[in-house]
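Visitor: predicted structure and sequence below. I'll ask about it afterward.
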Amino acid sequence: MDKRNALRAGAITATATLMMLLSSPAMALTRDDGDNPGSGLSVAQTLGLYVLAPIALFVIIAGLTALPSLGKGKKK
C-alpha cells in the first residue's frame with residue numbers, strides 16, 4: 001500500500017511540475033502592457049547581489065549571534 005501511495009504522490013508532483021514549467025507565463029515571448037524592464041546587470045553586479053551580499057549578511061548575523069558569548073570569560 002505504501003508503494004502505491006508513493007507512486008501516486010510522485011505522479012501528482014511530476015504532473016504539477018510539468019504543468020508549471022509549461023504554463024504560458026513561464027514561456028512568455030510577448031511583452032505585456034506596461035512592461036518597462038530596466039537594463040541588465042553586469043557579471044560583477046550579479047555576483048555581488050546574489051553571492052557576496054548573502055555571504056556578508058550571514059557573517060554579520062553570525063557575528064551578532066556570537067557576540068554575547070565572546071564578551072564572557074571562560075567558565076570554570
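Guide: Yep, it's here.

Visitor: so how far is Leu64 from the spatially most central residue of the chain?
Guide: Nearest to the mean C-alpha position of the chain, by CA atoms, centre = their mean, lies Tyr50 at 9.7 Å. Distance of Tyr50 to Leu64, computed by CB to CB, to the nearest Å: 22 Å. All C-beta spots, glycine's among them, are computed from the backbone N, C-alpha and C.

Visitor: again, but for Ala16
Guide: Following CB to CB, the distance that separates Ala16 from Leu64 is 40 Å.

Visitor: what of Ala14?
Guide: Using CB to CB, Ala14 is found at 43 Å from Leu64.

Visitor: next one: Met19
Guide: 43 Å.

Visitor: from the chain's centroid, how far away is the helix or strand hosting Leu7?
Guide: Here Leu7 sits within helix 2-21, counting by DSSP states H and E. Mean C-alpha position of helix 2-21 versus that of the full chain (CA atoms, centre = their mean, to the nearest Å) differs by 23 Å.

Visitor: show me where this protein has strands.
Guide: Taking DSSP state E as the criterion, the chain carries no strands.

Visitor: where does pLDDT dip in this protein?
Guide: 1, 24-29, 73-76 (pLDDT under 70).

Visitor: switch to 90 and redo it
Guide: 1-4, 18-38, 40, 68-76 (pLDDT under 90).

Visitor: what about the helices in it?
Guide: Taking DSSP state H as the test, the helices found in the chain are 2-21, 43-47, 53-71.

Visitor: looking at those, which is nearest to Asp33?
Guide: Of all the helices of the chain, it is helix 2-21 that lies closest to Asp33, at 24.3 Å by CB to CB.

Visitor: export the closest one as PDB, just CAs?
Guide: What follows is helix 2-21, C-alpha atoms only, in PDB (Å, rounded to 0.1, in the frame of the first residue of the first chain):
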ATOM      1  CA  ASP A   2       2.900   2.400   0.700                       C
ATOM      2  CA  LYS A   3       4.400   1.900  -2.700                       C
ATOM      3  CA  ARG A   4       1.000   2.800  -4.300                       C
ATOM      4  CA  ASN A   5       0.800   6.000  -2.300                       C
ATOM      5  CA  ALA A   6       4.400   6.900  -3.100                       C
ATOM      6  CA  LEU A   7       3.700   6.300  -6.800                       C
ATOM      7  CA  ARG A   8       0.600   8.400  -6.700                       C
ATOM      8  CA  ALA A   9       2.400  11.200  -4.900                       C
ATOM      9  CA  GLY A  10       5.200  11.100  -7.400                       C
ATOM     10  CA  ALA A  11       2.800  11.200 -10.300                       C
ATOM     11  CA  ILE A  12       1.000  14.200  -8.900                       C
ATOM     12  CA  THR A  13       4.200  16.000  -8.200                       C
ATOM     13  CA  ALA A  14       5.600  15.300 -11.600                       C
ATOM     14  CA  THR A  15       2.300  16.400 -13.300                       C
ATOM     15  CA  ALA A  16       2.200  19.600 -11.200                       C
ATOM     16  CA  THR A  17       5.800  20.400 -12.000                       C
ATOM     17  CA  LEU A  18       5.300  19.800 -15.700                       C
ATOM     18  CA  MET A  19       2.200  22.000 -15.800                       C
ATOM     19  CA  MET A  20       4.100  24.700 -14.000                       C
ATOM     20  CA  LEU A  21       7.000  24.500 -16.400                       C
END
